[in-house]
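Undergrad: Mind looking at a prediction? Sequence and model below.
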Amino acid sequence: MKGRVIKSTGSWYAVQTEDGEVVKSRLRGKFKQDGLKTNNPIAVGDWVLLDKEAKGDNTAVISDILPRENYIIRQSTRKSGFSHILASNLDQTVLVATLAFPKTSLGFIDRFLVSAESFRIPSVILFNKADILEEDGFEYAAELQELYESLGYKTALISVLEDDNLDTIHALLKGKTSLISGHSGVGKSSLLNRLIPDLDLKTGEVSTFANKGTHTTTFAELFAIDSESWVIDTPGIKELGLVDMEPAEISHYFPEMRELIGACKFHNCSHTNEPACAVQAAYQEGLISASRYASYFSMMEDYDNRR
């Protein structure tokens, strides 16, 4: 049987077959010996082949993992040198960010977008908690929306608490499989509860002491909004380390840099301190934002530190 992984708990997987049946499945041991540098050889969104077990208790063994179209990956927080696949076979990613309580850093946003760009996965940014913004907060949100929309990303300023712009979000998600991601406390679970009223996901409070959210989602899981729209909920991400990306690649995943790369004097230009660099010139002219250029430098420095 062929099916799609809709939930991963680490040792068992919920797999929905093509006829809609959900089967509790486990992984054949051989996949754990394939030398994969991930701590989860199977991810939510994977298409797999199943062999039903003879016990009659609606369980199966995953006999094969079908090739992935794409995936979002980050460095593992538990095992050095390993990575963790957040989800696979995506039509788009949806990053939920907040400008206050807690504040999502622009560096985190840019790292997430670069990860998605590396597989040419379109991204949407939802700036949540508009209900707690003051006038300067709205101005800042408008600046960020203008910045990211100029780079080709769709954005929306929303308030899940007050149901602002939920029709817009439904339209963005229609007909797609979307990964919903972001820091803990930004309102991912609350958003999904609004989009799918009978879901009733657990939500948590943001600590007033640390200005950080608490983890309420433990495992990644796929939910159906309707017959043609799915969302994958993931645990909140604290940090997002780039995986399997050489420094020469990173600028290719910044849309505003990608179109300038061929204009640099040196073919191996790192866009940091070389003469006649088109990217540096664009930054000096204000065509590349300071925050985006700082994010690029941060990613390059991370690679140097790992090396």
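TA: Cool, got the structure. Being a predicted model, the structure only gives us computed values, none of them experimental.

Undergrad: care to break this protein down by domain?
TA: 2-65, 71-233, 247-306 (automatic domain parsing).

Undergrad: Any idea how far apart the tips of the second one sit?
TA: Yep, that's domain 71-233 we're talking about. 14 Å (CA to CA, to the nearest Å).

Undergrad: Could you pull out the strands in the stretch 1-150 of the chain for me?
TA: 2-8, 12-17, 22-27, 47-52, 59-65, 71-75, 83-88, 92-98, 123-128 (DSSP state E, counting those that start in this stretch).

Undergrad: Where does the residue lying closest to Ala224 once chain neighbours are set aside fall, secondary structure wise?
TA: Spatial nearest neighbour of Ala224, excluding adjacent residues (CB to CB, 6 or more residues apart in numbering): Trp230 at 5.5 Å. No exception for glycine: its C-beta is placed from N, CA and C like everyone else's. Using DSSP states H and E, Trp230 falls within strand 229-233.

Undergrad: gap between the nearest residue to Phe82 once chain neighbours are set aside and Ala278?
TA: Distance criterion CB to CB, 6+ apart; nearest residue to Phe82, sequence neighbours excluded, is Ser76 at 4.1 Å. Remark: distance between Ser76 and Ala278 (CB to CB, to the nearest Å) = 36 Å.

Undergrad: what do you get for Arg68?
TA: 34 Å.

Undergrad: With Ile232 instead?
TA: For Ile232, the distance to Ala278 - CB to CB - is 38 Å.

Undergrad: Looking at those two, which has the bigger crowd around it?
TA: Ile232 (26 against 17; other CB atoms under 10 Å).

Undergrad: Quick check, that one in contact with Lys176.
TA: No - at 10.9 Å, Ile232 and Lys176 do not qualify as touching, with contact defined as CB atoms under 8 Å.

Undergrad: Where does pLDDT dip in this structure?
TA: Within the chain, the segments meeting pLDDT under 70 span 30-36, 55-56, 77-80, 202-218, 304-307.

Undergrad: can you map out the helices along it?
TA: With DSSP state H as the criterion, the chain has helices at 106-117, 135-150, 166-173, 188-195, 247-250, 255-258, 278-284, 290-306.

Undergrad: can you list those in CSV and add distance to Asn40?
TA: CSV is the format used below for the helices of the chain (distance: least, CB to CB, whole Å):
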stretch, distance to Asn40
helix 106-117, 16
helix 135-150, 30
helix 166-173, 25
helix 188-195, 19
helix 247-250, 24
helix 255-258, 30
helix 278-284, 36
helix 290-306, 21
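
Undergrad: Those helices: which one's closest to Cys269?
TA: When the helices of the chain are compared by CB to CB, helix 278-284 sits nearest Cys269, at 7.5 Å.

Undergrad: what comes up buried for the closest one?
TA: Ala278, Val279, Gln280, Ala282, Tyr283 (16 or more other CB atoms under 10 Å).

Undergrad: Quick check: the last one touching Ser291?
TA: No - under the criterion of CB under 8 Å, Tyr283 is not in contact with Ser291, lying 11.1 Å apart.
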